[in-house]
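[1] Sequence and predicted model, in that order:
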Amino acid sequence: MSEHYFTASPAVEAEERTHRFTIRGVEHTVVTASGVFSADRLDKGTQVLLDHVPDPPQTGTFLDLGCGWGPIALALAGAAPGATVLAADVNERSLALTARNADAAGLGNVRVRPAEELLAWLRETSTSVDLIWSNPPVRIGKEALHDLLLTWLALLSDDGEAWLVVLKNLGADSLAAWLTGQGWDVSRQASSKGFRVLRVRRSPNGPADG
């Protein structure tokens, strides 16, 4: 298991590299580093997600959960300059890179915070999230993933939604079924390159328990 899933301060030396990627139709020059998720490429799952999500609303509070070096945050912030984009991760190196990459792109609407700190702030201020885009860390294990998703999905506004990308062979369909069983309205929006793109909303029969 790569330590970037769990470790605030990766032990591996931060060997930085510069890349140029097209992220949702926009070219970005970004800095990545060892010890973060997908340091040498735009992850295939993230690319599938960004290829299939609809344009976000122009305003609201959005969340990139597990931001890595920031591709999802950059896409959200660029598509909705009037929105506030929250970027969260457990990895301090990832957070620093996301902040640098957002600044380099001139995206002043990105707010980068450690996941636990951001979670506490959202709860304390009763701030809801209107949109989540995430390539969640499936490899942390089913129990940890379930806890992570229920914790953050509970912060969605009444009409908010989450868009998740999950590998089919790592349990995308069973995860969708499990979330449905937890009271969420889950629909498969796309299948591409072995990935499923799931949309998760509050059930019309009543809010899911967080």
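    In hand now; what should we look at?
[2] Report the central residue of this structure.
    residue 134 (2.7 Å; CA atoms, centre = their mean).
[3] Show the contacting residues for that one.
    Going by CB atoms under 8 Å, 6 or more residues apart in numbering, residue 134 touches 49, 63-66, 72, 162-165. C-beta coordinates here come from the backbone N, C-alpha and C atoms, glycine included.
[4] Residue 190 touches residue 47, doesn't it?
    No - between residue 190 and residue 47 there is no contact under CB atoms under 8 Å: 12.0 Å.
[5] For residue 197, name its beta-bridge partners.
    Residue 197 has the following beta-bridge partners by DSSP bridges: residue 165, residue 190.
[6] separation between it and residue 160?
    Distance from residue 197 to residue 160, counting by CB to CB, to the nearest Å: 17 Å.
[7] do residue 189 as well
    16 Å.
[8] Could you tell me the phi and psi values at the spatially closest residue to residue 158 that is not a sequence neighbour?
    If the residues on either side of it in the chain are set aside, residue 158 comes closest to residue 202, at 6.3 Å by CB to CB, 6 or more residues apart in numbering. When read as degrees, to the nearest 10, the backbone of residue 202 gives phi -70, psi 140.
[9] Help me confirm that residue 202 comes into contact with residue 182.
    No - counting by CB under 8 Å, no contact exists between residue 202 and residue 182, whose distance comes to 11.2 Å.
[10] need the strands for the chain, in chain order.
    Using DSSP state E, the strands of the chain run over 16-23, 26-33, 61-65, 84-89, 110-114, 129-134, 156-167, 184-192, 195-202.
[11] got the contact list for the fourth one?
    To tie it back to what came earlier, the one meant is strand 84-89. Applying CB under 8 Å, 6+ apart, the contact partners of strand 84-89 are 60-68, 70, 73, 76-77, 95, 98-99, 102, 107, 109-115, 118-119, 129.
[12] what about 7 Å?
    Applying CB atoms under 7 Å, 6 or more residues apart in numbering, the contact partners of strand 84-89 are 61-68, 70, 73, 76-77, 95, 98, 109-113, 115, 118.
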